[in-house]
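> Build the 3D model from these lines:
(one chain, ligands or ions: 1)
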Amino acid sequence: MKFLVINGPNLNLLGIREPEIYGTYSYQSLIELIETTCRNEQIGVEIYQSNHEGAIVDRIQAALGEVDGIIINPAAYTHTSIAILDALKAVAIPAVEVHLSDIASREDFRKISYAGMACVKTFAGFGFDGYVEAIRFLKKHLQK
Ligand code: DQA
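Predicted structure coming up:
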């Protein structure tokens, strides 16, 4: 089983950006947590981060026939990008959405998630643990 984990804009600045919302751990430590979790679960993983909407669309398209599942935190593009929603629908690879913060209890403009409409499940508000939960959930979902 192989997963692609996609992280959107500004997540590379974890640890620096708004630590009261996103915590003090770095993006590198998130990568290490995802890799360790996948290794323990015997899942192959590729982790991709981009600040560019089109690059994320390209990466989703390239995943066709390459991975069994996608875990995606589209960051700010969550709330704006129909292109990312359409790409997820186009490849039809089972996908799970993750957000570090609880987007439902923040500003109104964060309440809508377009990407989430193409995902089988969302984990929001659990910090880094949300990625661990998403990996375990997607593995079980694919084994059904
Ligand atoms: C985020 C929530 C988004 O609203 C925000 O734009 C982000 C990060 C999260 O992980 O909590 O950049 O996706």
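> and the closest residue to residue 139 other than its chain neighbours, how many residues sit next to it?
In space, residue 139 comes closest to residue 41 once its chain neighbours are excluded; the distance is 5.6 Å by CB to CB, 6 or more residues apart in numbering. Quick note: C-beta positions are derived from backbone N, CA and C, even for glycine. Each residue near residue 41 was counted by other CB atoms under 10 Å, and the total is 16.
> Likewise for the one 3 residues further on?
Residue 44 has 12 neighbours, counted by other CB under 10 Å.
> Also residue 110?
17.
> can you tell me which residues contact it?
Counting by CB atoms under 8 Å, 6 or more residues apart in numbering, residue 110 touches 78, 79, 103, 104.
> Buried ones only from those residues, please, as a PyMOL command.
One line in PyMOL is enough to select the buried members of these, burial here meaning 16 or more other CB atoms under 10 Å:
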select buried, resi 78+79+103
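> could you pull out the strands for the protein?
All strands of the chain, identified by DSSP state E, fall at 2-7, 44-49, 69-73, 95-99, 121-124.
> Quick one: those strands as TSV, columns for distance to the ligand and mean pLDDT too.
Formatted as TSV, the strands of the chain follow (distance: least, CB to the nearest ligand atom, whole Å; pLDDT from 0 to 100):
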stretch	distance to the ligand	mean pLDDT
strand 2-7	9	99
strand 44-49	12	98
strand 69-73	5	99
strand 95-99	4	98
strand 121-124	7	98
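> got CSV for those strands, with distance to residue 131 too?
Below are those laid out as CSV (distance: least, CB to CB, whole Å):
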stretch, distance to residue 131
strand 2-7, 7
strand 44-49, 10
strand 69-73, 7
strand 95-99, 6
strand 121-124, 8
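> Beta-bridge partners for the most centrally placed residue in the chain, please?
Centrality entry for the chain: nearest residue to the mean C-alpha point is residue 72, 2.0 Å, by CA atoms, centre = their mean. On the basis of DSSP bridges, residue 72 is bridged to residue 6, residue 97.
> what's the burial count for residue 34?
22.
> what's near enough to touch it?
For residue 34, counting by CB under 8 Å, 6+ apart, the contacting residues are 5, 45, 47, 131, 135.
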